[in-house]
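**Q** Test case, fold it:
(2 chains)
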Amino acid sequence: MPTHRRDFLIWSAMLGASPTVLRALPTRPGRRPDEWDMSWTRRLTGRYKAVLDAPTPSEGDPILRAMVWARQHADVFGATPGQLSRVLVLRHTAIDLAMNDAYWARFPVGTAHGFLDDAGRSLPVNPIRTEREAVPMPYRPLTLEAFQRGGGIVLACHLALQHYVVPRYVAEGMTEAAALAAAEADLLPGIIPQPSGIFAVSVAQEHGCRYVPVS
Amino acid sequence: MTSRRDFFGILGAGAALPALAPFPTSASLPPIRADYDMSWVDQVTKPHKVVFDAPEVNDGGAVWRAVLLQEEYQQVYGTFPDQMSMVLVIRHFGIAMGMAHAFWEKEGVGEQTKTKGRGGEWATRNPVGPPADDARPGAARYTIPGFLASGGIVLGCDLAFNNMVVGKYRTEGMSRADARELALKDLLPGVILQPSGFFATIRAQQAGCAVFFNG
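**A** Alright, predicted model coming up:
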């Protein structure tokens, strides 16, 4: 995974960087501790449990692997949907996969991650949100909607939301607070923000999930 | 980045995974040789246990994330930092995080690992080594000495140490054993070498740690 300049800014500020850098840092999550929805942990009741860690979009492979994990457990072990508990964590630059089509149309997200249309333009829709005619088989049904319909839990790193998503709105002139509100509103339905991806990955394992990197 | 072609190539191997079995406990797997200090396993006893797998320097993000995770558990669950066993495995290129500032300066590690200093120049100091005299208050928390002082465990990959560090200390006519002795003097105090990084990561999981990949 490449090193990102923003990562550097975060920690270098902690180690004594200039006030200019400090001012450039995003604010910490504007939520009270009891506002984080942790109810998803009560759904981790299956015999087979996995937390699927996605730090990068990786051509959409995270959702492919998340779906295949379930399918193969059904094929090999005869697992029923109720026996499968799966948590997909979208963190770091993969946070863009948690955003709706309006966000993808508004910002050049597709260009940033290599999701381009036939004419080489930035894809104006989230490529893994829902089934689309343009997507060839067998990839077409491998979507976040299908994953969630099948009982999959999708968690989003709030830290990544602030560091990668919010600045795009701020660059259009929004205040930090308004940008954060807009970003949270543009999260896909059913996706649950967590304080960070690290936190989500750790908590899921504490509830019995096996760690599976999917980027 | 893994391509879809690569992914489908390993699907067959994935289908052959055996049924999940419980890991052996720390007590049931005692070492039979004293070449490597395994006493750290007995320190992984807190209610919450996490191992951070760091194969790259990545601006020292693994240390930063380890500190952040403790804060987030406290925010969400009211867990105190001393209720968490934190293990950091520095392996592959990440082994450089375990070395003294002098090694970074002499060998140009900043450029090799794409690590930049405060002014945007290639770092001449280990970003998670002992903090500078003019570092901001609290900066020590985000260093390896600070992490160790807070009860964290830092494990270094001996394969990486031998392959990427020891050779740089070897001058004409010097034996490899003597070069290793010199290199060990520049290993940060408290860093415990293990046969390999993957050995350490897997052993930590056997001791009950959730794993987080900080690639």
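**Q** any low-confidence regions in chain B?
**A** In the predicted model, chain B carries pLDDT under 70 at residues B:1-27.
**Q** Taking it, what residue is nearest to chain A?
**A** The nearest approach of chain B to chain A comes at B:Ala210, 3.3 Å away (C-beta to the nearest C-beta). All C-beta spots, glycine's among them, are computed from the backbone N, C-alpha and C.
**Q** how about the closest residue to that residue other than its chain neighbours, secondary structure?
**A** Leaving aside its sequence neighbours, B:Ala210 sits nearest to A:Gln205 (C-beta to C-beta, 6 or more residues apart in numbering or on different chains; 3.3 Å). At A:Gln205 the chain is in helix, as set by DSSP: H, G, I helix; E, B strand; the rest coil.
**Q** Could you give the number of residues near the residue of chain B closest to chain A?
**A** Other residues lying near B:Ala210 total 23 when counted by other C-beta atoms under 10 Å in any protein chain shown.
**Q** Give me the neighbour count for B:Thr124.
**A** That count, for B:Thr124 with other C-beta under 10 Å as the rule, works out to 16.
**Q** right, I mislabeled it, should have said B:Asp82
**A** 10.
**Q** Then the one 4 residues further on?
**A** Per other C-beta under 10 Å, the neighbour tally for B:Met86 reads 24.
**Q** would you say it is within a helix?
**A** No - looking at B:Met86 with three-state DSSP, it is strand, so not inside a helix.
**Q** Dig out what the residue nearest to the spatial centre of chain A forms beta bridges with.
**A** Residue closest to the mean C-alpha point of chain A, counted by C-alpha atoms, centre = their mean, is A:Leu90 at 2.3 Å. Counting by DSSP bridges, A:Leu90 forms beta bridges with A:Ala54, A:Ala156.
**Q** circling back: just checking, the residue nearest to B:Ala210 touches B:Gly208?
**A** No - look at A:Gln205 against B:Gly208 with C-beta atoms under 8 Å: they stay out of range, at 9.8 Å.
**Q** which strand residues sit across from the residue of chain B closest to chain A in the sheet?
**A** Going by DSSP bridges, B:Ala210 forms beta bridges with B:Val50.
**Q** Please give me every residue in contact with it.
**A** B:Ala210 makes contacts with A:Val201, A:Ser202, A:Ala204, A:Gln205, A:Glu206, A:Tyr211, B:Lys49, B:Val50, B:Val51, as judged by C-beta atoms under 8 Å, 6 or more residues apart in numbering or on different chains.
**Q** out of those, which are buried?
**A** Among the contacts of B:Ala210, those classed as buried by 16 or more other C-beta atoms under 10 Å in any protein chain shown are A:Val201, A:Ser202, A:Ala204, A:Gln205, A:Glu206, A:Tyr211, B:Lys49, B:Val50, B:Val51.
**Q** Relative to B:Ala204, how far out is the residue of chain B closest to chain A?
**A** Distance, B:Ala210 to B:Ala204, by C-beta to C-beta, to the nearest Å: 9 Å.
**Q** cool, and A:Val109?
**A** From A:Val109 to B:Ala204 the distance is 36 Å (C-beta to C-beta).
**Q** same thing with A:Ser122?
**A** Look at A:Ser122 and B:Ala204: by C-beta to C-beta, they are 41 Å apart.
**Q** The two - which one has more neighbours?
**A** A count of neighbours by other C-beta under 10 Å puts B:Ala204 above the other of A:Ser122 and B:Ala204, at 27 against 17.
**Q** tally of neighbours for residue 66?
**A** The chain I'm using is chain A. 25.
**Q** Wait, chain B was what I had in mind.
**A** With neighbours defined by other C-beta under 10 Å, the count for B:Ala66 comes to 26.
**Q** got it, and B:Gln74?
**A** By the criterion of other C-beta under 10 Å, B:Gln74 has 15 neighbours.
**Q** That one contacts B:Phe80, doesn't it?
**A** Yes - using C-beta under 8 Å, B:Gln74 makes contact with B:Phe80 at a distance of 6.5 Å.
**Q** Run the chain-centre distance for the helix or strand containing B:Phe198.
**A** Element membership for B:Phe198, per DSSP states H and E: helix B:197-206. The chain centroid and the centroid of helix B:197-206 are separated by 11 Å, computed with C-alpha atoms, centre = their mean, to the nearest Å.
**Q** where's B:Gln43 relative to B:Arg125, distance?
**A** 29 Å.
**Q** neighbour-wise, which of these two wins?
**A** More crowded of B:Gln43 and B:Arg125, by other C-beta under 10 Å: B:Arg125, with 20 against 14.
**Q** Look through chain A and state the residue closest to chain B.
**A** Taking C-beta to the nearest C-beta, chain B has its nearest neighbour within chain A at A:Gln205, 3.3 Å off.
**Q** Make sure A:Val212 is indeed in a strand.
**A** Yes - looking at A:Val212 with three-state DSSP, it is inside a strand.
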